[in-house]
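>>> the amino acid sequence is not available; the structure is as follows:
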C-alpha cells in the first residue's frame with residue numbers, strides 16, 4: 001500500500017551576537033531561545049518514539065550555546081537579570097525597563113499575572129524616567145525573575161520542582177529566588193546539546209546544518225546573480241568570493257562532525273538560497289542532500305509546482321556533480337508558522353493532517369508514495385502559541401502516530417526509500433519569493449554590501465603582512481559579517497525592537513575587520529545604515545462625531561472626518577511570510593451608534609472571496625458581545641449578532657452598531673477587537689493582541 005512519508009525539518013538558528021574584540025554578547029536571543037525552544041522541541045520526541053525528524057543546527061548558534069552552557073558567556077542582559085535589585089544603578093534600571101518586556105504580551109507576559117501588572121505599569125509610565133514612584137526594589141526584582149521565567153521551557157515549568165515553585169510563587173521574589181533563576185538557566189542550556197546528541201545517536205533525529213555564519217551562499221559566489229531572479233533590481237558593486245562560500249560550508253561540516261561524531265550529509269542552505277554554483281560546492285564538500293522552497297521548483301520547471309511536483313524527491317546533477325533536493329510545501333509550512341497559533345491545538349492539528357491526506361489522495365491513488373516536506377523556523381513561531389505550542393505538537397504527533405498510512409521520517413531516510421526525479425539545473429533564488437530581494441537591492445541592503453566588499457578587499461590587500469592571530473580574527477569577523485541576518489533587518493520588509501542594535505552589531509563586525517588588520521575603520525561606519533526607523537502600528541483617537549452613510553464606499557471626503565484610525569504595521573519580524581489583510585480601521589460614534597470601517601489591502605482579493613469578520617465587544621470590562629459578518633464574492637450577510645447590525649461592503653467594509661445594545665455604561669470606554677477568518681483559519685487580527693478602546697460619551701450629535 002502506498003504511504004505518506006512526512007518529513008519535518010526544524011531550522012534552529014540565531015546570528016552571532018558576540019563581539020569578538022570585547023567578548024560581550026550584544027543581544028540575548030540565543031540564550032533565551034535555548035531556554036524555551038532548542039531543548040523542548042527535541043525533548044518532546046521522547047513521548048513519541050515513532051516520530052522521526054530532521055533538525056537543522058546552525059553552527060553560529062551552537063557555539064554560543066556551548067559558551068553559555070560552560071558559564072563563560074559575558075551577557076549583560078543575563079547580568080542585569082541576576083544582579084540584586086537593591087544594587088541596580090539608574091542606568092541599569094532604564095536598561096531593564098527597556099529590554100525586559102520583549103516578549104509576546106498575550107502568550108508570554110499576561111500568562112504571569114504579576115508580569116502583566118508590571119508591563120501595564122511600565123506602559124503607563126513610559127514618560128517617567130526610570131518609572132520612579134512605580135518601580136521600587138520589589139517591582140524590579142519581580143520583573144528580573146518573571147522576564148526570565150517566561151522563557152523557561154514547558155518541560156521545566158511543569159516537571160522541575162524548583163522552577164515550578166518559582167512560577168507558582170508568582171510575585172514577591174527574594175534574592176534567593178533570583179539566584180535560583182540564574183542557576184536554572186545554566187542548567188537548562190546545559191541540557192540542549194546532550195539531548196540532541198542522544199536522539200541523533202538513537203536514530204530518532206537526523207542533524208543537518210547550514211553554512212557556519214548563515215550567509216546567502218549564491219550572493220557570496222556572485223551578488224550579480226540577484227538580477228536573474230529579479231531583472232533590473234538595483235545592485236551594489238559586485239561581490240564574488242565563491243571561496244568564502246566554500247569556507248563557510250566546510251567549517252560547518254567540520255563543526256557538526258566534531259560535536260556529534262558523525263559528518264552531516266544534509267544541508268539547509270541559509271534561507272533556502274540556492275544556485276547551480278552552490279550545489280556544485282556543496283556536492284564537492286560531501287553533502288548528499290539539500291532543500292529549498294517549492295517556489296524555486298516552480299521557476300526551475302517553468303510551470304506551477306503543485307503537490308505532484310512537490311511531494312517527491314529530486315536529484316540535481318551537472319558536470320559529474322550531484323545532490324538530492326527536497327522542495328518544501330510552502331503553504332503547509334506557513335500554516336504552522338503563522339496561522340495555527342490562532343486556533344486550538346486539537347483543531348489546528350486536525351486541520352493540518354486533513355490537508356495532508358487530501359493533498360496526497362491523488363498521488364496514493366496512482367500507486368505512488370507521497371513525500372511531504374515541512375520545513376520552517378524551529379523557534380520563533382512558538383511564542384505566539386498557547387504554552388509554547390506544546391499542546392499543538394502533542395496533538396499533531398499523536399495524530400501521526402495513530403495513522404497507519406502516515407510515517408514521520410528523517411530526510412536522509414526519505415531519499416533512501418523513494419526514487420528521485422532528475423534536475424539538470426536549479427533556478428537561483430530563496431524560499432522568499434524565489435529571489436534575493438530581502439537581502440539585496442534595497443538602499444540599506446546595498447550599502448551594507450558596499451561596506452562588506454570594502455572590508456573584504458582590505459583583507460586581501462593587508463593579509464600577507466599579518467600575524468596568524470590577527471589574520472584569524474579579521475577572517476572570522478568577515479565571515480560573521482557575511483551572515484544573512486544583518487540584511488534581514490535592512491530594507492522595507494522586516495521590523496524588530498532590536499533593529500537599531502542589529503545595525504550597530506553589523507557595523508561593529510565590519511569595523512573589527514579593520515581593527516584586526518591594524519587599519520582605521522572607515523568613518524562612515526560610525527553612522528547608521530538604517531535610513532528610516534520602522535513605523536509601528538499606530539492608533540489615533542477620534543477628534544469629533546461621525547455619522548457615515550453605510551454603503552460600502554467612501555461617499556464623501558468628510559463622512560469619516562473626525563474618526564479614530566488604527567493603522568497596521570505591515571512589516572514582518574523574525575518570521576517572514578505572514579499575510580496582512582487589513583490596511584487600516586476607522587472607528588467613531590455619534591452617541592447612538594458605533595461606526596467601524598475596514599480598509600482591506602488590494603493584494604488580499606483571494607481572501608476576500610470568502611471571509612468571516614468577527615468583532616468582539618467588551619461593554620464594561622465584563623462580558624462580551626460578538627458580531628460575525630460573512631463576505632462571499634462581494635455579498636455581505638450577518639451570521640451572528642444579538643441585535644440589528646447595519647453593514648455594507650463594496651470597496652470598504654462599513655458597519656453601524658447600536659450603542660444601547662453593546663454599551664450599558666457609556667461613561668466607561670468601550671473595548672473591541674476584530675479577527676478575520678478564511679476557510680476556517682485565522683488570517684489577521686486587529687490589534688494583534690489586546691483591545692482597542694473608544695469613548696462613546698464625548699461626541700453626541702443628537
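Right, received. Where do you want to start? In this text, all values refer to a predicted model and were calculated from it rather than measured experimentally.
>>> SS state for the residue nearest to residue 200 when sequence neighbours are not counted?
Nearest non-adjacent residue to residue 200, counting by C-beta to C-beta, 6 or more residues apart in numbering: residue 207, 5.2 Å away. Every residue, glycine included, has its C-beta placed from N, CA and C. Following DSSP: H, G, I helix; E, B strand; the rest coil, residue 207 is assigned to strand.
>>> for residue 207, give the beta-bridge partners.
Assessed by DSSP bridges, residue 207 has beta-bridge partners residue 55.
>>> for it, grab the count of nearby residues.
Neighbour count of residue 207, defined by other C-beta atoms under 10 Å: 22.
>>> quick one: it and residue 196 touch, right?
Yes: counting by C-beta atoms under 8 Å, residue 207 does reach residue 196; the two are 6.8 Å apart.
>>> who touches both of those two?
55, 57, 260 (C-beta atoms under 8 Å, 6 or more residues apart in numbering).
>>> which residues touch residue 601?
Residues in contact with residue 601, defined by C-beta under 8 Å, 6+ apart, are 580, 581, 582, 583.
>>> over to residue 473?
Applying C-beta under 8 Å, 6+ apart, the residues near residue 473 are 20, 21, 512, 516.
>>> recalculate using a threshold of 10 Å.
20, 21, 466, 467, 512, 513, 515, 516, 517 (C-beta atoms under 10 Å, 6 or more residues apart in numbering).
>>> check residue 65 too.
12, 14, 30-31, 33-34, 38-39, 57, 73, 189-190, 192-193, 196.
>>> which secondary structure element contains it?
According to DSSP states H and E, residue 65 maps onto helix 59-70.
>>> can you name the element that comes right after that helix?
Downstream of helix 59-70, the first helix or strand assigned by DSSP H and E is helix 76-82.
>>> give me the distance from that next one to the chain's centre.
Mean-position distance between helix 76-82 and its chain equals 24 Å (C-alpha atoms, centre = their mean, to the nearest Å).
>>> try stretch 503-521
Centre to centre, stretch against its chain (C-alpha atoms, centre = their mean), the figure for stretch 503-521 is 28 Å.
>>> would you map the helices across the stretch 51-200 of the chain?
59-70, 76-82, 90-99, 113-124, 137-149, 154-159, 161-169, 175-202 (DSSP state H, counting those that start in this stretch).
>>> for residue 354, state which of the contacts of residue 601 is nearest.
Residue 354 lies nearest to residue 581 out of the contacts of residue 601, by C-beta to C-beta, at 23.3 Å.
>>> what helices and strands are in contact with the strand or helix carrying residue 249?
Taking DSSP H and E as the definition, residue 249 sits inside helix 242-260. Helix 242-260 is packed against strand 53-57, helix 59-70, helix 175-202, strand 205-209, helix 217-221, strand 266-267, helix 276-285, helix 468-481, with contacts defined by 3 or more C-beta pairs under 10 Å, 6 or more residues apart in numbering; DSSP states H and E.
>>> give me every residue that touches residue 364.
1, 2, 3, 4, 357, 370, 405 are the contacts of residue 364 under C-beta under 10 Å, 6+ apart.
>>> which ones among these lie within helices?
In this view, those that belong to helices under DSSP state H are residue 357.
>>> could you list the low-pLDDT ranges of the protein?
Scanning the chain with the threshold set as pLDDT under 70 gives 126-133, 532-537, 569-579, 619-623, 664-666, 680-682, 688-689, 697-702.
>>> domain-wise, how is it divided?
As given by automatic domain parsing, the domain ranges for the chain are 28-50+68-202, 443-526, 538-694.
>>> any idea how far apart the tips of the last one sit?
With C-alpha to C-alpha, to the nearest Å applied, domain 538-694 spans 14 Å between its terminal residues.
>>> what's the answer for the second one, then?
Looking at domain 443-526, the gap from its leading to its trailing residue is 18 Å under the measure C-alpha to C-alpha.
>>> same deal with the longest one?
Here the two ends of domain 28-50+68-202 are set 32 Å apart, with distance taken as C-alpha to C-alpha.
>>> that one: how far from the chain's middle?
20 Å.
>>> just to revisit the earlier point, in the contacts of residue 473, which residue is surrounded by the most others?
Ranked by neighbours (other C-beta under 10 Å), these are led by residue 513, which has 26 neighbours.
>>> all the strands of the stretch 501-650 of the chain, residue numbers only.
538-540, 564-567, 582-589, 593-600, 610-618, 625-632, 635-640, 646-649 (DSSP state E, counting those that start in this stretch).
>>> any idea how far residue 7 is from residue 273?
According to C-beta to C-beta, to the nearest Å, residue 7 stands 20 Å off from residue 273.
>>> out of the strands of the stretch 501-650 of the chain, nearest to residue 671?
Of all the strands of the stretch 501-650 of the chain, it is strand 610-618 that lies closest to residue 671, at 4.1 Å by C-beta to C-beta.
>>> and that closest one, what does it pack onto?
So strand 610-618, by 3+ C-beta pairs under 10 Å, 6+ apart, packs with strand 593-600, strand 625-632, strand 635-640, strand 646-649, strand 653-658, helix 659-662, strand 670-678, strand 681-686.
>>> and it, which residues are buried?
611, 612, 613, 614, 615, 617, 618 (16 or more other C-beta atoms under 10 Å).
>>> and the fifth one, how far from residue 377?
Put plainly, it is residue 615. 32 Å.
>>> find the nearest non-adjacent residue to residue 328, please.
Leaving out its chain neighbours, the residue that sits closest to residue 328 by C-beta to C-beta, 6+ apart is residue 375, at 3.9 Å.
>>> equivalent analysis for residue 84, please.
Nearest to residue 84 is residue 175, by C-beta to C-beta, 6+ apart, at 5.8 Å.
>>> try residue 446
Spatially, and ignoring its direct neighbours in sequence, residue 446 is nearest to residue 236 (4.1 Å; C-beta to C-beta, 6+ apart).
>>> got a list of what the one you found touches?
Residue 236 neighbours (C-beta under 10 Å, 6+ apart): 223-224, 226, 440-441, 443, 445-453.
>>> go again with 6 Å.
446, 449, 450 (C-beta atoms under 6 Å, 6 or more residues apart in numbering).
>>> pretty sure the first one sits in a helix.
To tie it back to what came earlier, the one meant is residue 446. Yes: when three-state DSSP is applied, residue 446 is found to be in a helix.
>>> tally of neighbours for it?
21.
>>> tell me, how many residues neighbour the closest residue in space to residue 454 that isn't next to it in sequence?
Nearest residue to residue 454 in three dimensions, chain neighbours excluded: residue 522, at 6.8 Å (C-beta to C-beta, 6+ apart). Residue 522 has 15 neighbouring residues, counting by other C-beta under 10 Å.
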